[in-house]
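A.B. asks: coords below, sequence missing:
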Ligand code: ZN
């Protein structure tokens with residue numbers, strides 16, 4: 001049996017938040033259903049933020065309520081604070097992701113809070129979720145862990161310090177996010193190792209952007225360090241509206257090709273996944289789609305991990 005890697009598809013959240021157009025809700029629901037049918041185990045379908053800040057996310061409640069009816073997929077919603085977590089729970093989200101910035105510059109721009117204030121907010125979110133009858137895990141993403149367009153270089157110790165605070169606040173899982181895509185394989189290795197040494201198995205995921213063309217190299221470095229959970233976006237959509245210079249996430253289609261070729265089972269049917277790009281284009285006709293495997297076609301040599 002092949003070892004399993006979990007992919008969380010983030011295009012409906014990380015991708016659409018920066019899209020020029022606004023995807024109609026009905027098309028978005030159909031697109032999410034197609035990606036779930038392709039076998040993606042987790043889909044982050046939106047964020048519970050102010051629609052004044054990110055109008056593309058105004059329909060997140062409706063999207064979550066429809067998506068949780070899909071079989072075989074865990075529906076994730078981003079919540080930046082307690083109020084967002086309450087809304088996510090009310091809509092039926094099955095997992096909640098929350099960002100915290102490692103750097104002060106991005107923290108103020110993205111959350112209008114210091115990292116210490118956000119750590120305290122995460123503690124309140126944990127307390128709220130533990131008081132619910134329905135068990136929902138909280139995954140905390142450490143934004144700008146590999147560099148920041150405001151504050152520049154991010155030291156290993158800074159990442160470890162924030163991770164320790166978040167783990168102490170009760171997070172179920174922590175992922176390291178290369179929000180602006182400045183990371184490189186040696187940096188990935190060093191920080192994954194250091195954070196795992198500090199907090200153990202709560203360190204789980206990587207969220208990578210392909211700004212410098214190193215996205216898949218970084219994923220492979222993480223894989224070799226034992227990471228078994230990756231965020232990625234169909235067609236490489238994505239970026240942070242509050243992090244200048246950020247470009248798209250690593251491409252899910254290409255990541256599946258990499259992982260399956262290396263003998264790691266993702267559960268994803270690559271041809272079905274590529275077919276879901278057509279619905280994305282239907283909903284956002286002006287969006288540029290990325291991805292090497294979809295462009296070249298799945299080669300005859302491809303053998304999914306069994
Ligand atoms: Zn991102």
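C.D. replies: Arrived safely. Just so we're clear, the structure is a prediction, and the values are computed from it rather than from any experiment.
A.B. asks: for stretch 71-91, which residues meet the burial criterion?
C.D. replies: Neighbour-count burial for stretch 71-91, with 16 or more other C-beta atoms under 10 Å as criterion, is recorded at 73-82, 84-85, 87-89, 91. (C-beta placed from N, C-alpha, C; glycine too.)
A.B. asks: burial of the nearest residue to residue 289 once chain neighbours are set aside, as a residue count?
C.D. replies: Across the structure, with C-beta to C-beta, 6 or more residues apart in numbering as the measure, the residue nearest residue 289 apart from its sequence neighbours is residue 235 (3.8 Å). Using other C-beta atoms under 10 Å, residue 235 has 24 neighbouring residues.
A.B. asks: a strand runs through residue 235, doesn't it?
C.D. replies: No - assignment of residue 235 by DSSP: H, G, I helix; E, B strand; the rest coil gives helix, placing it outside any strand.
A.B. asks: now do the same contact list for it.
C.D. replies: By C-beta atoms under 8 Å, 6 or more residues apart in numbering, the residues touching residue 235 are 11, 15, 251, 253, 277, 280, 287, 289-291, 294.
A.B. asks: those in helices, which ones?
C.D. replies: Secondary-structure check on these using DSSP state H: residues within helices are 253, 277, 280, 294.
A.B. asks: element containing residue 33?
C.D. replies: Using DSSP states H and E, residue 33 sits in helix 25-37.
A.B. asks: give the helix, strand or coil label for residue 138.
C.D. replies: For residue 138, the secondary structure call by three-state DSSP comes out as strand.
A.B. asks: mind listing what it touches?
C.D. replies: By C-beta under 8 Å, 6+ apart, the contact set of residue 138 is 85, 96-98, 122, 125-126, 129, 170-173.
A.B. asks: quick check: beta-bridge partners of the most centrally placed residue in the chain?
C.D. replies: Per C-alpha atoms, centre = their mean, the C-alpha nearest to the average position across the chain is that of residue 231, at 4.1 Å. Beta-bridge pairing of residue 231, defined through DSSP bridges, involves residue 8, residue 207.
A.B. asks: please list the residues outside the least confident helix or strand in the chain by mean pLDDT that contact it.
C.D. replies: Evaluated with mean pLDDT, DSSP states H and E, the helix-and-strand set of the chain has its lowest mean pLDDT in helix 104-111, which scores a mean of 90. Taking C-beta under 8 Å, 6+ apart as the criterion, the residues outside helix 104-111 that touch it are 80-81, 99-101, 113-115, 118, 143-144, 148-151, 179, 240, 242-243.
A.B. asks: repeat that for stretch 204-213.
C.D. replies: The contact list for stretch 204-213, computed with C-beta under 8 Å, 6+ apart, reads 8, 10, 139, 141, 173-184, 188, 192, 215-216, 218-219, 222, 227-232, 236, 238-239, 245-251, 290.
A.B. asks: among these, name the ones in helices.
C.D. replies: Counting by DSSP H, the contacts of stretch 204-213 contribute 188, 192, 215-216, 218-219, 222 to helices.
A.B. asks: ok, back up a step: nearest to residue 269 among the buried residues of stretch 71-91?
C.D. replies: For those, the closest approach to residue 269 (C-beta to C-beta) belongs to residue 73, at 13.3 Å.
A.B. asks: and that closest one, how far from residue 203?
C.D. replies: Residue 73 is 24 Å from residue 203, where distance means C-beta to C-beta, to the nearest Å.
A.B. asks: from the contacts of stretch 204-213, which would you call buried?
C.D. replies: Applying a neighbour-count criterion of 16+ other C-beta under 10 Å, the buried members of these are 8, 10, 139, 141, 173-183, 188, 192, 215-216, 218-219, 222, 227, 229-232, 236, 238-239, 245-251, 290.
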